[in-house]
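Peer 1: no sequence for this one, just the structure:
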């Protein structure tokens, strides 16, 4: 049933902003086979609820439905299941479904359970993110969650928290002139050299917290001129990405990156714009969180990437990343997931059933 | 008549590759008012011939018909004539026409005259250039030319020769990785820093020849990454433009720039491609050349830009740049030419009539 499920999920195209068919598939399956007590759908993002016993803790399994690679027909070959979104993260969703189908009655003896499948996670802003729309529309539901397990690819390790991310655009100004007479202008690319050098020399800064290591790191990720080839460039724009450990608030991180950029730009004629910012995901160590981590009994790491763990922990909800996919396969055009990872994932999840 | 002519020429749109209407206008005017002995049209480029007395020297006035700015309705305001291509170089063509209309009978007592108006000069390769197609189709005609005056904008100074131009594309390689884990990759932008610095530090190199100064100069004119903002760039490509004095052949200049780039790139993983190259325009000092320069009696400078003077001198035909337009107005969206420059231009040309 597991192989059939992952291949079926991968056969349904669900690029970001076009998740409807997949949402319909999940909704049909859940209503037919899982007997939920409630199902909420908001713009292709769904909450499926099982159990509402106020004496039991509420455990949520969470994943996004959209995928990055261009859709291709899934197939199983030499122990690998290939398909767009195989690792990131339909493998996680397939395991959730099969796990529920097998163990929901036992699970409900111990927990209230919900399954959250949301749209528009990949490359979108927080405003567009499907999980955000669920948080906005059903705040009381989220307040009831005691622990969220996000099925993002972790190769079956437990990845705690997540680094925050801030993007800044820096524009460095020059003065245009004909390239036969560059002395009439000022080359914006050359003006950028000291800035590039200073940013490139900032070392990665590791922080040991919650028993794992998160690393602050800043990179210039893109750089463009905007002129023709016989003109001295009057403008160079670049994108800076700052990833930061969950030891600071988003506002603290914004101030920090602004200071770094202002110092690196010194007397360079330039404009800094913070274009996009998401907070780091913290680690909220409740007894249920610690107990679940202990039962799952897998290697523990920091999540050195951003995931929606940050949305949960910013609302005070304990959460961590745990999924069967391979991080290294995420977003690859020929994405796959090792089939044994799915089997193992379900075996590990079974440790919390009894 | 002069103001009417320049406004009429500017009212006819002639962007590069769409010069037909303007070509038709020139052809009609010449046939109606100038009484040519021959008119050749090849793909919107035209040769108009007056006089074929083998005892007289052959003087050609030359200009291109295409313009860079987006077409707008021309107008005359406070001594300036505004229009797309006003300075570069319909002012030159308007002066040629009015000069011929007034003085052709007197001119023909002294010279055989031809007027060459060609298409596709702006931003095109030598293969696409309309003058090239004329050279290819009428080699004997060009062999008969003793002096060519190119009406490119020079603000009524005499600009000798022209610098050559070579474009090279340099690709510097890195290794892609997620921007949260840049240590898994190699940032191509950072790899480019030593190269950018070395090129930026190469001083301009002036050469005093033929009584004027041509300057060798090399610039990085564009630079681009090709990845998304959450990826460490695996590739940075840039355009290098080398402008060089007419003291070397095109092959010598190519070897020179290749050496400069290879030295500047040292151990950087990179690819160099010479994408485009045009020779410098030399100064061929025949008695007619010297005598004409002396009669025109205007300030003499080097042409620190590329013009089709290079095509003439590479075929051994003496040529120089002399036009009423302002270099600084060339390619501006609101391009103009001072009207007095046109009046002066004709007065200066009249010095060679008698």
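Peer 2: Yep, that arrived. Please read these numbers as outputs of a predicted model, since none were measured by experiment.
Peer 1: for whichever residue of the stretch 251-354 of chain A sits closest to chain B, what are its contacts?
Peer 2: Chain B sits closest to residue A:305 of the stretch 251-354 of chain A, with a gap of 4.5 Å, by Cβ to the nearest Cβ. Quick note: C-beta positions are derived from backbone N, CA and C, even for glycine. Residues near residue A:305 by Cβ atoms under 8 Å, 6 or more residues apart in numbering or on different chains: A:162, A:163, A:243, A:327, B:178, B:180, B:181.
Peer 1: farthest-apart pair in those, please.
Peer 2: A:243 and A:327 (14.5 Å; Cβ to Cβ).
Peer 1: which one's more surrounded, the two?
Peer 2: Taking other Cβ atoms under 10 Å in any protein chain shown, residue A:243 and residue A:327 do not tie; residue A:243 has more neighbours (27 against 21).
Peer 1: you'd agree that one is up against residue A:207?
Peer 2: No - the pair residue A:243 / residue A:207 is not scored as a contact, 11.7 Å apart, by Cβ atoms under 8 Å.
Peer 1: okay, and the common contacts of the two?
Peer 2: Shared contacts of residue A:243 and residue A:207, defined by Cβ under 8 Å, 6+ apart, comprise A:215, A:216.
Peer 1: same for the longest helix anywhere in chain A, what does it pack against?
Peer 2: As assigned by DSSP state H, the longest helix anywhere in chain A is helix A:91-110. With contacts taken as 3 or more Cβ pairs under 8 Å, 6 or more residues apart in numbering or on different chains; DSSP states H and E, helix A:91-110 sits against helix A:2-11, helix A:20-33, strand A:45-50, strand A:58-64, strand A:112-118, helix A:339-349.
Peer 1: kindly recompute the last result at 6 Å.
Peer 2: Where contact means 3 or more Cβ pairs under 6 Å, 6 or more residues apart in numbering or on different chains; DSSP states H and E, helix A:91-110 is packed against helix A:2-11, strand A:58-64, helix A:339-349.
Peer 1: any chance you could list what contacts that helix?
Peer 2: Residues from elsewhere that reach helix A:91-110 (Cβ atoms under 6 Å, 6 or more residues apart in numbering or on different chains): A:1-2, A:5-6, A:9, A:33-34, A:51, A:61, A:63, A:113, A:115, A:151, A:323-325, A:337, A:342, A:345-346, A:349, A:353.
Peer 1: mind doing that once more with 7 Å?
Peer 2: A:1-2, A:5-6, A:9, A:29, A:33-34, A:50-51, A:56, A:61, A:63, A:113, A:115, A:117, A:151-152, A:323-325, A:337, A:341-342, A:345-346, A:349-350, A:353-354 (Cβ atoms under 7 Å, 6 or more residues apart in numbering or on different chains).
Peer 1: list buried residues within those.
Peer 2: A:2, A:5-6, A:9, A:29, A:34, A:50-51, A:61, A:63, A:113, A:115, A:117, A:151-152, A:323-325, A:337, A:341-342, A:345-346, A:349, A:353 (16 or more other Cβ atoms under 10 Å in any protein chain shown).
Peer 1: burial count for residue A:24?
Peer 2: Neighbour count for residue A:24, taken as other Cβ under 10 Å: 14.
Peer 1: swap in residue A:35?
Peer 2: 10.
Peer 1: quick one: name the residues of the stretch 101-250 of chain A near chain B.
Peer 2: Residues of the stretch 101-250 of chain A lying close to chain B (Cβ under 7 Å from any Cβ of the partner chain) are A:163, A:167, A:178-183, A:187, A:189-190, A:193, A:196-197, A:200, A:204, A:217, A:219-225, A:227, A:229-233, A:239, A:241, A:243.
Peer 1: state the distance from the residue in the stretch 1-150 of chain A positioned nearest to chain B to residue B:166.
Peer 2: Per Cβ to the nearest Cβ, residue A:123 is where the stretch 1-150 of chain A lies closest to chain B, at 7.7 Å. Remark: distance between residue A:123 and residue B:166 (Cβ to Cβ, to the nearest Å) = 40 Å.
Peer 1: repeat that for residue A:10.
Peer 2: 51 Å.
Peer 1: ok, residue A:145 next?
Peer 2: Counting by Cβ to Cβ, the gap between residue A:145 and residue B:166 amounts to 65 Å.
Peer 1: before we move on, the earlier item: list only buried entries from the contacts of residue A:305.
Peer 2: Neighbour-count burial (16+ other Cβ under 10 Å) applied to the contacts of residue A:305 gives A:162, A:163, A:243, A:327, B:178, B:180, B:181.
Peer 1: and of the contacts of residue A:305, the nearest to residue A:319?
Peer 2: Distances from residue A:319 to those, taken by Cβ to Cβ, are shortest for residue A:162, at 9.3 Å.
Peer 1: give the closest residue to the closest one in space, chain neighbours not counted.
Peer 2: With Cβ to Cβ, 6 or more residues apart in numbering or on different chains as the criterion, residue A:162 has its nearest non-adjacent residue at 3.7 Å, and that residue is residue A:281.
Peer 1: same check on residue A:333?
Peer 2: Spatial nearest neighbour of residue A:333, excluding adjacent residues (Cβ to Cβ, 6+ apart): residue A:69 at 5.0 Å.
Peer 1: could you look up the SS state of that neighbour?
Peer 2: Secondary structure, DSSP: H, G, I helix; E, B strand; the rest coil: residue A:69 is coil.
Peer 1: my guess is it meets residue A:330, correct?
Peer 2: No - judged on Cβ atoms under 7 Å, residue A:69 makes no contact with residue A:330 at a distance of 9.4 Å.
Peer 1: please identify which of those two sits among more neighbours.
Peer 2: It is residue A:330, of residue A:69 and residue A:330, that has more neighbours when counted by other Cβ under 10 Å, with 21 against 18.
Peer 1: go ahead and confirm that one touches residue A:90.
Peer 2: No - using Cβ under 7 Å, residue A:330 is not in contact with residue A:90; the gap is 11.6 Å.
Peer 1: just the helices from the stretch 101-250 of chain A, written as ranges.
Peer 2: A:130-137, A:139-143, A:188-191, A:193-200, A:250-265 (DSSP state H, counting those that start in this stretch).
Peer 1: redo those as CSV? Include mean neighbour count and mean pLDDT.
Peer 2: Output for the helices of the stretch 101-250 of chain A, formatted as CSV (neighbours: other Cβ atoms under 10 Å in any protein chain shown; pLDDT from 0 to 100):
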stretch, mean neighbour count, mean pLDDT
helix A:130-137, 19, 96
helix A:139-143, 14, 96
helix A:188-191, 23, 98
helix A:193-200, 18, 98
helix A:250-265, 16, 97
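Peer 1: between those, which one is nearest to residue A:85?
Peer 2: Across the helices of the stretch 101-250 of chain A, closest to residue A:85 is helix A:130-137 (Cβ to Cβ), at 14.8 Å.
Peer 1: what comes into contact with the closest one?
Peer 2: Outside helix A:130-137, the residues that reach it (Cβ under 7 Å, 6+ apart) are A:42-45, A:47, A:116, A:118-121, A:126, A:142, A:308, A:311, A:315.
Peer 1: which two from those end up farthest apart in space?
Peer 2: Using Cβ to Cβ, the contacts of helix A:130-137 reach their maximum pairwise distance at A:44 and A:315, which is 21.4 Å.
Peer 1: out of those two, which sits in the busier spot?
Peer 2: Legend: neighbour count by other Cβ under 10 Å for residue A:44 and residue A:315, higher for residue A:44 (22 against 14).
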